[in-house]
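Engineer: I would like to see how this sequence folds:
(one chain, ligands or ions: 1)
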Amino acid sequence: MSKLWSGRFAKSGAKLLDEFNASLPFDQKLYEEDIKGSIAHSAMLAKQGILTQDEADAIAKGLLDIKGEIEAGSFVFDIAHEDIHMAVETRLIELIGDAGKRLHTARSRNDQVAVDFRQYVQKHNRILVDCLESLMDVLLKISKEHTTTLLPGMTHLQHAQPINFAFHLLAYVAMFKRDIERFESSYTRHNVLPLGCAALAGTPHNIDREMVAHALGFDSVSVNCLDTVSDRDFALEILFNISTLMMHISRFAEELILWSSYEFKFVTLSDEYSTGSSIMPQKKNPDVPELLRGKTGRVNGNLIGLLTVLKGLPLAYNKDMQEDKEGVFDSVETAFMSINILKEAVRTMSINGEKMRQACEVGHLSATDLADYLVQKCNIPFREAHFITGRAVAHAEHLNVDLSHLSVEELQKVDARIGEDVLPYLSLENSMNARTSQGGTATASTCKQIELFEAWMHARK
Ligand code: ARG
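Structural biologist: Residues are numbered from 1 along each chain as shown. So this is what the prediction gives:
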């Protein structure tokens with residue numbers, strides 16, 4: 001079969017070349033974007049008098065028929081066509097004849113692939129935002145039920161201060177909110193039409209790029225054609241945004257793995273989202289969060305892969321750039337699945353508030369509160385209060401009890417200035433509720449955070 005570009009060639013290419021050169025096995029995913037872009041392009045060509053209206057109508061009809069064939073599974077994807085652009089164009093010419101041969105006027109595959117791929121990325125920026133919103137809904141719903149559920153806040157994975165479970169979940173809500181903002185800001189920055197740049201330098205045909213931008217939902221038209229056909233920043237940004245999102249998901253996953261272990265038992269993942277072992281009958285494994293953590297490595301690879309592909313390329317299009325797509329498809333699909341399964345795993349897990357509370361009773365979580373008491377009630381400088389509290393902790397360890405269970409008499413052995421009024425400071429609830437500063441863990445402050453996140457979500461609807 002002769003290729004659309006075969007005019008200057010005396011011999012046809014080797015089969016091995018076809019296999020090596022083709023992107024059709026993966027870029028067929030872009031068929032819809034390709035067809036939309038071509039319909040907008042031909043409508044513009046007709047309005048500009050470059051095609052007749054009849055030709056543009058025949059093209060649009062032919063393209064929609066091709067879309068139907070692809071969706072029905074009857075379209076024959078032949079690797080010899082190289083990519084989705086030429087596969088569709090070849091079929092169009094088969095279906096409608098000469099009018100089909102006029103479609104590629106004032107266009108090149110370089111701006112065509114750019115507009116197809118950008119439409120795909122823009123569509124998925126939005127889809128991922130929608131998924132993240134529903135994940136945030138689930139987290140906010142659980143948060144509302146747990147603003148008084150104590151659990152140990154940690155640093156260095158060591159018990160630090162008592163916090164509440166909602167406060168902990170809201171940390172992830174804050175991350176996912178920033179992820180949404182990142183996808184949206186990338187969307188806005190890159191909502192620019194590449195089509196009409198042709199191979200690299202523009203076209204002598206009197207085209208109307210604004211019309212095409214409008215038809216395809218872009219806000220504006222790119223400024224410099226040489227940049228436009230070389231630019232894959234939009235792809236890099238979705239990869240980076242997904243890497244950051246997956247890093248957040250992975251941290252959450254790591255906590256779910258820890259929390260569902262026997263050592264913690266803070267949560268139990270539902271059977272629906274847990275797996276068994278082929279040899280150890282008793283096991284219930286957290287495969288879902290483990291895979292979420294593992295997939296983060298893959299998406300990071302995709303980001304570094306594309307950065308590396310692009311880093312040494314001279315302007316403008318180079319075939320290296322065909323390597324831009326698979327990693328993006330993979331990251332997008334991975335992120336999509338990851339958000340959805342995380343949402344379900346979290347929605348269906350049970351939360352063991354009793355275990356969380358018990359965990360607060362070891363590790364002297366109210367130590368900072370004793371130091372704060374010494375500062376506030378005894379007017380002792382914080383550094384000295386810190387030292388005294390350290391000795392109280394050592395004394396508690398010696399007696400093998402938690403600091404929060406030391407009697408006033410025992411505390412007074414450490415420092416005689418400590419009075420009866422110290423006891424409320426040592427209670428875990430009071431410790432958590434004392435942190436009323438903006439963004440702090442006190443239940444009142446946590447509720448305020450829920451309100452702020454909900455207002456943000458509400459304003460978007
Ligand atoms: N399949 C190519 C890609 O994915 C389309 C652009 C080809 N352009 C070219 N001048 N060979 O990048």
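Engineer: pull up the residues of this structure that are close to the ligand.
Structural biologist: Ser23, Asp27, Asp83, Arg109, Asn110, Val113, Tyr317, Lys319, Met321, Gln322 (CB under 6 Å from any ligand atom). The C-beta positions use only the backbone N, C-alpha and C, and glycine is treated the same way.
Engineer: can I get those in TSV including neighbour count, distance to Glu69 and secondary structure?
Structural biologist: Below are the residues of the chain next to the ligand laid out as TSV (neighbours: other CB atoms under 10 Å; distance: CB to CB, whole Å; DSSP: H, G, I helix; E, B strand; the rest coil):
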residue	neighbour count	distance to Glu69	secondary structure
Ser23	20	20	coil
Asp27	24	17	helix
Asp83	25	17	coil
Arg109	21	21	helix
Asn110	20	26	helix
Val113	26	21	helix
Tyr317	20	29	coil
Lys319	9	28	helix
Met321	22	28	helix
Gln322	18	24	helix
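Engineer: closest to Thr203 among those?
Structural biologist: Asn110 (11.8 Å; CB to CB).
Engineer: quick one, helices of the stretch 351-461 of the chain?
Structural biologist: 353-360, 367-378, 382-399, 408-414, 423-426, 428-434, 443-460 (DSSP state H, counting those that start in this stretch).
Engineer: can I get stretch 185-205 in CSV, CA atoms only?
Structural biologist: Taking C-alpha atoms only, stretch 185-205 is exported to CSV below (Å, rounded to 0.1, in the frame of the first residue of the first chain):
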residue,chain,number,x,y,z
SER,A,185,-4.0,26.3,36.5
SER,A,186,-2.3,24.1,33.9
TYR,A,187,-5.6,23.8,32.1
THR,A,188,-5.9,27.6,32.0
ARG,A,189,-2.3,28.2,30.9
HIS,A,190,-2.5,25.7,28.1
ASN,A,191,-5.9,26.3,26.8
VAL,A,192,-4.4,27.7,23.6
LEU,A,193,-4.9,26.4,20.0
PRO,A,194,-1.9,24.9,18.3
LEU,A,195,-3.7,24.1,15.0
GLY,A,196,-2.9,26.4,12.1
CYS,A,197,0.8,26.4,12.7
ALA,A,198,1.3,23.8,10.0
ALA,A,199,4.7,22.2,9.9
LEU,A,200,6.6,25.0,11.8
ALA,A,201,6.3,28.3,10.1
GLY,A,202,2.6,28.9,9.6
THR,A,203,0.8,28.8,6.2
PRO,A,204,0.2,31.1,3.2
HIS,A,205,-3.5,30.1,3.2
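Engineer: show me what counts as buried in it.
Structural biologist: Neighbour-count burial for stretch 185-205 flags 186-187, 190-198, 200, 202-203 (criterion: 16 or more other CB atoms under 10 Å).
Engineer: next: stretch 434-453.
Structural biologist: Ala434, Arg435, Gly440, Thr441, Ala442, Thr443, Ser445, Thr446, Gln449, Ile450, Phe453.
Engineer: repeat that for stretch 411-430.
Structural biologist: Neighbour count says stretch 411-430 has Leu411, Val414, Asp415, Ile418, Val422, Tyr425, Leu426, Leu428, Asn430 buried, by 16+ other CB under 10 Å.
Engineer: picking up where we left off before, in a markdown table, list the helices of the stretch 351-461 of the chain along with distance to Ser134.
Structural biologist: Compiled in a markdown table, the helices of the stretch 351-461 of the chain are given as follows (distance: least, CB to CB, whole Å):
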| stretch | distance to Ser134 |
| --- | --- |
| helix 353-360 | 25 |
| helix 367-378 | 37 |
| helix 382-399 | 44 |
| helix 408-414 | 49 |
| helix 423-426 | 41 |
| helix 428-434 | 29 |
| helix 443-460 | 10 |
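Engineer: quick one: closest of the ones you listed to Gly73.
Structural biologist: Of all the helices of the stretch 351-461 of the chain, helix 443-460 comes closest under CB to CB, at 37.9 Å.
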